[in-house]
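Participant: predicted model and sequence follow; I will ask about them next.
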Amino acid sequence: MGDQKVAAKINDYLFIGQVGVMAPIQPGKFFSAAGSDRIAGMASQEFTISRNDGRILTIAFAAEGCGAYCEDYNTYHSFDIKTGRTLGADDLLTESGMRNLAQKMAKERQSQYRRQLVSLKKDLKAAQKEHKPDSQNTISDLNDRIALNTDCLGDVGNTESLPSAAAMLSTFRYFNYELAEQAFKLTAGRCSNHAMRALDDVGDVTLAIPYAELKPYLTGYGKALLLGEGSGAPKNNVYGQLLRGKMGSKIAITMVLYKESDNSVGGVYFYDKYRKPIKLSGRQSGDALELSEDAVQGSTDKATMHLAISGDRLRGQWTGKTELPVDLAP
């Protein structure tokens, strides 16, 4: 029963994260994504398992999303296989470890942009000496590339000092990281926007750090999971985890919440019986969490939740046409 609960927890988290709905109760070739706002812009999606060693399960998604334009992107989800807990960077890495990795990434990006600029300027000098019919087109293209790569080099920032703790956490929010089988892979997205990406000769930058080299940056829990050394417990956290519990005495609900650096909170919850997403937004103040549901179309009424955070548990009240107690935990 425990393994089934863990599998259901992981499946629900993956479905909510990737397509915005809970996992289907019965597996099949197709499923209904009624209520999801993510399917419409998704052109394709596939996944691979990049680590499954009895301690960690890592699933890598490769997808193509389309809006005003189409673009490929990768998403990684990792779990403690014994509990189904989602693994965040602050579970595995110390603050000083994250700061050092942020600096390593900044130095690597600077190094790649500098090398690229040396190469581009060499090509430009050669093109300016040539007298071919298409030389001006080549020179114009190289100047555009040099301008973009120069701007990107400046955007990477100063690497002479470590980022502050707040800047480090903010930086890590925009990194992708994959707990692969042999190495911790940290990826910073390209500097350029979609319209300029053809001129971005560096693109995404990935650092693959063997786990033995990562050891000085790991928490006790990180060492236990990634290296199989010692033991440790994760930090209590209600964010980025699949929370299950009750509304009232009988109504089973599932919730996932995310917090931004300004303490604003967004997420979604489901009545397990109906399995349709209900969006939430709000703010944390101290240990208090105030959330509002999106109003039903055609109505201005919004149900609210007034919750208190205690470790990894949420307790409080749901207020709509009536009031019901809420109790949730991973």
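Facilitator: Okay, I see it. Residues are numbered from 1 along each chain as shown.

Participant: all strands for this structure, in order.
Facilitator: Remark: strands assigned in the chain by DSSP state E are 42-52, 56-66, 70-80, 175-179, 183-188, 205-210, 242-247, 251-259, 264-271, 278-285, 288-293, 304-310, 313-319, 323-329.

Participant: elements contacting the fifth one?
Facilitator: For strand 183-188, the elements it packs on are helix 95-129, strand 175-179, strand 205-210, helix 211-214, judged by 3 or more CB pairs under 8 Å, 6 or more residues apart in numbering; DSSP states H and E. (Glycine included, C-beta is placed from N, CA and C.)

Participant: in the longest one, which residues are buried?
Facilitator: Okay, so that is helix 95-129. 97-103, 105-106, 108-110, 112-113, 116-117, 120, 123-124, 127 (16 or more other CB atoms under 10 Å).

Participant: now swap in the third one and tell me
Facilitator: Buried residues in strand 205-210, counting neighbours by 16+ other CB under 10 Å, are found at 205, 207.

Participant: for residue 70, which of the helices and strands packed on strand 183-188 is the nearest?
Facilitator: Nearest to residue 70, of all these, is strand 175-179, at 19.2 Å by CB to CB.

Participant: how about residue 329: what's its closest non-neighbour residue?
Facilitator: residue 313 (4.6 Å; CB to CB, 6 or more residues apart in numbering).

Participant: again with residue 261
Facilitator: residue 170 (5.4 Å).

Participant: any idea how far residue 99 is from the one you found?
Facilitator: 12 Å (CB to CB, to the nearest Å).

Participant: same deal with residue 220?
Facilitator: Taken as CB to CB, the span from residue 220 to residue 99 is 18 Å.

Participant: again with residue 182
Facilitator: 24 Å.

Participant: thinking again about what came up before, residue 25: which of the helices and strands packed on strand 183-188 is closest?
Facilitator: Using CB to CB, the helices and strands packed on strand 183-188 put strand 175-179 closest to residue 25, at 29.0 Å.

Participant: and the angle for the closest one with strand 183-188?
Facilitator: On the basis of axes from the mean of the first three to the mean of the last three CA atoms, to 10 degrees, strand 175-179 is oriented at 170 degrees to strand 183-188.

Participant: partners of strand 175-179, with directions?
Facilitator: Take DSSP bridges as the rule and strand 175-179 pairs in its sheet with strand 183-188 (antiparallel).

Participant: need the contact partners of the partner strand.
Facilitator: By CB atoms under 8 Å, 6 or more residues apart in numbering, the list of residues contacting strand 183-188 from outside reads 74, 101, 105, 109, 174-178, 204-211, 214, 226.

Participant: again with stretch 219-228
Facilitator: 55-56, 80, 87, 91-94, 179, 184, 211-212, 214-215, 218, 229-234.

Participant: buried stuff in that stretch?
Facilitator: 219, 221, 222, 223, 224, 225, 226.

Participant: pLDDT score for the first one?
Facilitator: Which is residue 219. At residue 219, the pLDDT value in this model is 95.

Participant: any idea how far it lies from residue 235?
Facilitator: 8 Å.

Participant: so what sits against both of these two?
Facilitator: Counting by CB under 8 Å, 6+ apart, the residues touching both residue 219 and residue 235 are residue 91.

Participant: for residue 71, which residues make a bridge with it?
Facilitator: residue 65.

Participant: okay, now it: neighbour count?
Facilitator: 12 (other CB atoms under 10 Å).

Participant: pretty sure it sits against residue 65.
Facilitator: Yes: in this structure, residue 71 is within contact of residue 65 by CB atoms under 8 Å, at 6.2 Å.

Participant: next, the residue of the chain most remote from its centre: phi, psi?
Facilitator: Distance from the centre of the chain peaks at residue 131, with 49.6 Å (CA atoms, centre = their mean). Dihedral angles of residue 131 (phi, psi; degrees, to the nearest 10) stand at phi -130, psi 60.

Participant: which pLDDT value belongs to it?
Facilitator: 74.

Participant: now it: how far from residue 142?
Facilitator: 16 Å.

Participant: got it, and residue 39?
Facilitator: 42 Å.

Participant: neighbour count: these two, which is higher?
Facilitator: Ranked by neighbour count (other CB under 10 Å), residue 39 and residue 142 place residue 142 first, with 20 against 14.

Participant: local confidence estimate at the more buried one?
Facilitator: So residue 142 comes in at 94 (pLDDT).

Participant: can you check residue 327 too?
Facilitator: 97.

Participant: again, but for residue 36
Facilitator: 67.

Participant: for residue 135, same thing?
Facilitator: The per-residue pLDDT of residue 135 was computed as 81.

Participant: residues contacting the nearest residue to it once chain neighbours are set aside?
Facilitator: Nearest residue to residue 135 in three dimensions, chain neighbours excluded: residue 127, at 5.8 Å (CB to CB, 6+ apart). Residues counted as contacts of residue 127 (CB under 8 Å, 6+ apart) are 135, 138, 139, 142.

Participant: right, I'll leave it there.
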